[in-house]
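K.L.:
My questions are about this predicted structure, shown below with the sequence.
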Amino acid sequence: MEKTMKIDVMMDEKTFKDFALFDNFSYRKIWKRPLLFAGIFIVFALLCFAMRGMREQADLLGTVLLIIGLGLPMAYFGLFFRTLGTQLKRLKLGTPRLFYTILLSDAPDGIVMTAKGAVDQRFSWASAERAYRSDEAVYLYVAPGSALILPFRDAKGGADGLCAFLTARLGEERVTAL
């Protein structure tokens with residue numbers, strides 16, 4: 001088994017967008033609160049509609065609750081996708097470019113990230129939370145809420161080589177295939 005692996009991460013729009021969608025919707029599960037909010041408001045709107053003949057303006061209140069219950073979550077997700085688009089433009093990922101370099105080794109603090117104009121960051125294998133294998137990359141969470149994107153096209157040995165390397169250091173229980 002290889003003792004070190006160097007990955008020059010060439011980031012593009014698709015890779016970054018795929019990660020952002022995974023991170024926010026699968027890892028952080030940001031969809032839960034807006035969905036709960038919508039569900040509560042829809043239930044109250046239905047209660048108002050059920051009381052249509054018993055209370056004055058029950059239809060009006062039900063309509064307002066329904067609009068709020070559906071509108072705010074839609075605005076929330078719309079803003080998320082608009083912000084993602086803005087971030088992609090700001091990062092200028094239309095053409096792939098070197099984003100950072102990752103050096104993986106057998107050392108206890110064997111995850112090193114270097115980026116142009118930034119201080120090198122070291123992470124330990126013991127504190128690495130988990131690695132998620134998607135179709136085109138591995139998302140290595142080196143700390144809670146902090147991930148490194150490792151595209152297979154940039155890794156020596158491709159998907160199988162990278163996943164075998166990570167599994168040997170993290171253990172099978174901390175590597176998840178999506």
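P.N.:
Here it is on my side, so go on. Note that the structure is predicted; figures quoted are calculated from it, not measured. Numbering: from 1, shown residues only.

K.L.:
residues contacting the residue positioned nearest the centre of the chain?
P.N.:
Residue closest to the average C-alpha location in the chain (Cα atoms, centre = their mean): Asp23, at 1.1 Å. By Cβ atoms under 8 Å, 6 or more residues apart in numbering, Asp23 lies in contact with Tyr139, Ala147. All C-beta spots, glycine's among them, are computed from the backbone N, C-alpha and C.

K.L.:
burial count for the closest residue to Pro34 other than its chain neighbours?
P.N.:
Nearest residue to Pro34, sequence neighbours excluded (Cβ to Cβ, 6 or more residues apart in numbering): Pro73, at 3.7 Å. Pro73 has 19 neighbours, counted by other Cβ atoms under 10 Å.

K.L.:
where does the nearest residue to Thr176 once chain neighbours are set aside fall, helix, sheet strand or coil?
P.N.:
In space, and not counting its chain neighbours, Thr176 is closest to Tyr132: 5.1 Å by Cβ to Cβ, 6+ apart. Going by DSSP: H, G, I helix; E, B strand; the rest coil, the secondary structure assigned to Tyr132 is strand.

K.L.:
Quick check, Tyr132 in contact with Val138.
P.N.:
Yes - judged on Cβ atoms under 8 Å, Tyr132 makes contact with Val138 at a distance of 6.8 Å.
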